[in-house]
Every structure is written in C-alpha cells, then in structure tokens.
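Student: Coordinates for the following, if possible.
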Amino acid sequence: MAHIKLNNELPGIRGLMAYRPETEKPLNFLAETLLRDENNSLSRGQRELIATYVSYLNDCFFCQNVHGAMAGHYLDCDIDQIDRIKQDFKTAELDSKMKTLLSIAASVQKGGKNVTTAQIEEARNNGASDVEIHDTVLIAAAFCMFNRYVDGLATWAPTDRQFYVSRAPQRALEGYQSSVYK
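Tutor: So this is what the prediction gives:
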C-alpha cells in the first residue's frame with residue numbers, strides 16, 4: 001500500500017501520475033524524449049535497456065520490469081535474456097559499445113562523480129558518440145529519479161512479470177505521452 005492515499009488502483013508510476021496529473025505531462029515528456037525520440041543513434045531497445053539496468057541496480061521492481069519488457073520487445077528477446085543482461089552485462093551478448101554505456105550508467109547510478117574519464121574514453125574507443133554518452137548519463141540519472149519516486153512512495157506493482165511483457169507491445173505503440181493515465 002502506498003505511503004499516501006492515491007485515490008486510484010494504478011500500479012507504480014502510473015498511480016502517481018494519476019494522483020498528480022500536473023507532473024505527469026513533464027515526466028512523460030522526459031521519458032518519451034529519452035526513450036523513444038527518433039533523432040537518436042541508440043535504438044529504443046538500447047535506451048530501454050539502460051533504463052532497465054539502472055532500475056535493476058536501484059532495486060525498483062516496477063521500473064525494471066516495465067522497461068525490461070520494453071527492451072525485450074524492441075530487442076526481440078525474452079525476459080530471461082534481459083535478466084541475464086541485468087545480472088552480468090559484461091558476459092552478455094551485447095556489443096562492446098553497449099557494454100561500455102551500461103558501465104557508465106552503473107557509475108551514474110552510484111553517483112555522477114563515479115563516472116571516470118577512462119570510462120568515457122573506453123566508450124568512445126568502442127564507437128560511442130558524445131551524444132550517446134550524454135544520453136546514457138541522462139537516462140541513468142532520470143531513472144534514478146523515477147525509481148526513487150516509485151519506491152519512495154511505496155507504490156504497488158504486479159508481481160507477475162508476464163503482466164509487463166504482455167503490455168509492452170501496446171506501450172511501444174502508444175509511447176509515454178498517451179492518455180492511458182487518465
């Protein structure tokens with residue numbers, strides 16, 4: 001049960017957004033821009049994977065499953081593959097650029113000052129552009145905020161992970177600015 005009375009039965013951040021619709025619009029715009037904008041050299045799946053990994057590190061069940069299902073949808077893989085990436089991305093079947101970006105995201109999750117010049121250089125040496133590095137840091141920072149928002153108010157989350165997987169195709173179609181929260 002949430003720490004505050006939300007006056008709705010929606011899970012996770014959806015319940016919070018329904019409670020405070022004036023904050024829904026800017027938060028969804030941020031998520032839409034970071035995760036779905038077409039003007040980005042990282043695929044939607046790669047960006048969702050960054051969000052998933054940070055949410056996993058923050059132990060945010062709702063966000064890691066919502067965005068893990070989205071990453072799986074876009075990357076055409078199942079939740080077990082996403083779990084393996086979360087548990088050990090260094091040995092997962094990911095390209096070296098993505099591995100370096102996840103390393104940067106993990107450092108941001110600990111605190112922005114944990115990102116090192118060596119990590120940035122390694123990412124560049126593996127083909128990451130400055131925009132991709134920027135977006136990785138911003139996605140990681142934003143998801144620390146989203147995770148803390150969801151968990152800080154003790155929102156509920158469906159425990160059946162298939163719930164998230166089943167919803168991913170519709171969320172991919174609608175995006176994060178749809179009126180599903182109304």
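Student: taking the mean pLDDT, what do you get for the longest helix seen in the chain?
Tutor: Across the chain, the longest stretch assigned as helix under DSSP state H is helix 130-152. In this model, helix 130-152 has a mean pLDDT of 98.
Student: what comes up buried for it?
Tutor: 132-133, 135-137, 139-144, 146-147, 149-151 (16 or more other Cβ atoms under 10 Å). Glycine gets a C-beta too; all of them are placed from N, C-alpha and C.
Student: helices and strands around that helix, which ones?
Tutor: Contact here means 3 or more Cβ pairs under 8 Å, 6 or more residues apart in numbering; DSSP states H and E; on that basis helix 130-152 packs against helix 12-19, helix 21-36, helix 44-57, helix 61-75, helix 96-110, helix 117-125.
Student: Would you reformat these as TSV and include distance to Ala168?
Tutor: Output for those, formatted as TSV (distance: least, Cβ to Cβ, whole Å):
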stretch	distance to Ala168
helix 12-19	14
helix 21-36	13
helix 44-57	9
helix 61-75	4
helix 96-110	20
helix 117-125	28
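Student: For Leu6, which of those is the nearest?
Tutor: helix 12-19 (4.5 Å; Cβ to Cβ).
Student: what's in contact with the closest one?
Tutor: Contacts to helix 12-19, defined as Cβ atoms under 8 Å, 6 or more residues apart in numbering, come from residues 2, 4, 6-10, 23-24, 27-28, 62-63, 66, 146, 149-150, 153, 155-157, 180-182.
Student: What of stretch 57-69?
Tutor: For stretch 57-69, contacts defined as Cβ under 8 Å, 6+ apart pick out 11-13, 35, 48-49, 51-52, 55-56, 79, 82-83, 86, 106, 109, 143-144, 146-148, 150-151, 155, 157, 159, 161, 164-165, 167-168, 171.
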